[in-house]
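Q: Give me a 3D structure for the following:
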Amino acid sequence: MIKKGGININPNEINEILLKHNAVLESTIVGIPDRHYGEEVIAFVVLSNTISEISLLNYIRQFFPVSHVPKKVIFCDSLPKGSYNKVQNHILKKMITHV
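A: This next block holds a predicted model:
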């Protein structure tokens, strides 16, 4: 659960919508510390087709209130996975220094 400004955000709900987009091969949603909101929503995405960050954010806005829309989409070649093929979000969080 991501806690942003007193709102509980389920990252899995956002991730499910992202994965339905035809340009998204893989994705994960993480919460990173934010001094104003407590946490901020960030999306990590592996693409199967070219698409802009703005287009993906506009796509998510169709399904969620503005509080749930990621502040940033970070495009990756692959997502780090553990031995059970689960995305290791803690590694991705360490990649972010600021948004």
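
Q: Could you list the low-pLDDT ranges of the chain?
A: Judged by pLDDT under 70, the chain has its weakly predicted residues at 97-99.

Q: Name the SS class of the most centrally placed residue in the chain, please.
A: Of all residues in the chain, the one closest to the mean position by C-alpha atoms, centre = their mean is residue 43, 1.8 Å from it. Using DSSP: H, G, I helix; E, B strand; the rest coil, the secondary structure recorded for residue 43 is strand.

Q: Give me the distance between it and residue 37.
A: 16 Å (C-beta to C-beta, to the nearest Å). Heads up, the C-betas are built off the backbone N, CA and C, glycines and all.

Q: ditto for residue 51
A: Computed as C-beta to C-beta, the residue 51 to residue 37 distance reads 26 Å.

Q: burial of the residue lying closest to residue 2 once chain neighbours are set aside, as a residue count?
A: Excluding its sequence neighbours, the residue lying closest to residue 2 (C-beta to C-beta, 6 or more residues apart in numbering) is residue 31, at 3.4 Å. Neighbourhood size, residue 31 [other C-beta atoms under 10 Å]: 19.
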